[in-house]
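**Student:** I'd like to go over a predicted model; first the sequence, then the structure.
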Amino acid sequence: MPDETPDPCSEQQVHTQPNALELEEFQRVWTELINAALHARSRGGHGHRGAEEITLTQSLLMEAVRGMDNPSVGAVAHIVGVSSPSATRMIQQLERKGMMARRRSERDERSTVVTITEEGENVLAERRKYMERKQRQVFDAIRPSLRPVVLDVLRDLRAAIDDT
């Protein structure tokens, strides 16, 4: 008598191959999600005089600098995913606003290291508080019974994005 247990490999292939309508719906919803996030980001001030003066990429650059020990401009550019000239321009803009400082590396004079100033730390702290409030509002808007599912989906999306 043949084994009637479904082959897990073939069953998984059926679930991993989206049909055209599923893919189209995913693309539409993905675009709507990104647009909603961008729209939400553009609404309202951040509550601190400097917070609204920096771009998302600049804040990511500053956060990257916070997590590194005497980072060079090139290292920060690599982490943020921008070119060194772009990182240099952003850092110069942030320097003019008093949020970052540059100096020659003591280990390698060809290299420039960057730091966050006290003003920059204040702006980042205010931005983090603002983002935490927004995240809380979104979280509160999700039905409690769906929260575990949403967390699983977000983790899966993160893994899928990392893999592409």
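**Tutor:** Cool, got the structure. Numbers count the residues shown, from 1 in each chain.
**Student:** check contacts around Val114.
**Tutor:** Neighbouring residues of Val114 by C-beta atoms under 8 Å, 6 or more residues apart in numbering: Val65, Pro71, Ser72, Val73, Val76, Ile91, Met100, Ala101, Arg102. The way it works is simple: take the backbone N, C-alpha and C, and place the C-beta from them, glycine included.
**Student:** if you set the cut-off to 6 Å instead, what comes out?
**Tutor:** With contacts defined as C-beta atoms under 6 Å, 6 or more residues apart in numbering, Val114 is in contact with Val65, Ile91, Met100, Arg102.
**Student:** the residues you listed into a markdown table, with extra columns for distance to Ile54 and secondary structure?
**Tutor:** Converted to a markdown table, the contacts of Val114 look like this (distance: C-beta to C-beta, whole Å; DSSP: H, G, I helix; E, B strand; the rest coil):
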| residue | distance to Ile54 | secondary structure |
| --- | --- | --- |
| Val65 | 13 | helix |
| Ile91 | 12 | helix |
| Met100 | 10 | strand |
| Arg102 | 16 | strand |
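**Student:** where does the protein dip in pLDDT?
**Tutor:** In the predicted model of the chain, residues 1-16, 41-52 satisfy pLDDT under 70.
**Student:** returning to what we had before: apply the buried test to the contacts of Val114 and list what passes.
**Tutor:** Listed as buried from the contacts of Val114 are Val65, Ile91, Met100; burial here means 16 or more other C-beta atoms under 10 Å.
**Student:** of the contacts of Val114, closest to Val138?
**Tutor:** Sorting the contacts of Val114 by how near they are to Val138, with C-beta to C-beta, puts Val65 at the top with 27.3 Å.
**Student:** tell me, what residue is most central in this protein?
**Tutor:** The residue at the geometric middle of the chain, judged as the C-alpha nearest the mean C-alpha position with C-alpha atoms, centre = their mean, is Leu60 (7.3 Å).
**Student:** excluding its backbone neighbours, what's nearest that residue?
**Tutor:** In space, not counting the residues next to it along the chain, Leu60 is nearest to Val80; the distance is 5.4 Å by C-beta to C-beta, 6 or more residues apart in numbering.
**Student:** quick one: that neighbour from Tyr130, how far?
**Tutor:** 20 Å (C-beta to C-beta, to the nearest Å).
**Student:** keeping just the C-alphas, turn stretch 17-29 into PDB.
**Tutor:** These are the backbone C-alpha positions of stretch 17-29, laid out as PDB (Å, rounded to 0.1, in the frame of the first residue of the first chain):
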ATOM      1  CA  GLN A  17       4.800  30.100  -5.900                       C
ATOM      2  CA  PRO A  18       2.300  33.000  -5.900                       C
ATOM      3  CA  ASN A  19      -0.200  33.200  -8.700                       C
ATOM      4  CA  ALA A  20      -0.400  36.400 -10.700                       C
ATOM      5  CA  LEU A  21      -3.300  37.800  -8.800                       C
ATOM      6  CA  GLU A  22      -1.600  37.200  -5.400                       C
ATOM      7  CA  LEU A  23       1.600  38.900  -6.600                       C
ATOM      8  CA  GLU A  24      -0.400  41.800  -8.100                       C
ATOM      9  CA  GLU A  25      -2.200  42.300  -4.800                       C
ATOM     10  CA  PHE A  26       1.000  42.100  -2.800                       C
ATOM     11  CA  GLN A  27       2.600  44.700  -5.000                       C
ATOM     12  CA  ARG A  28      -0.400  47.000  -4.600                       C
ATOM     13  CA  VAL A  29      -0.600  46.600  -0.800                       C
END
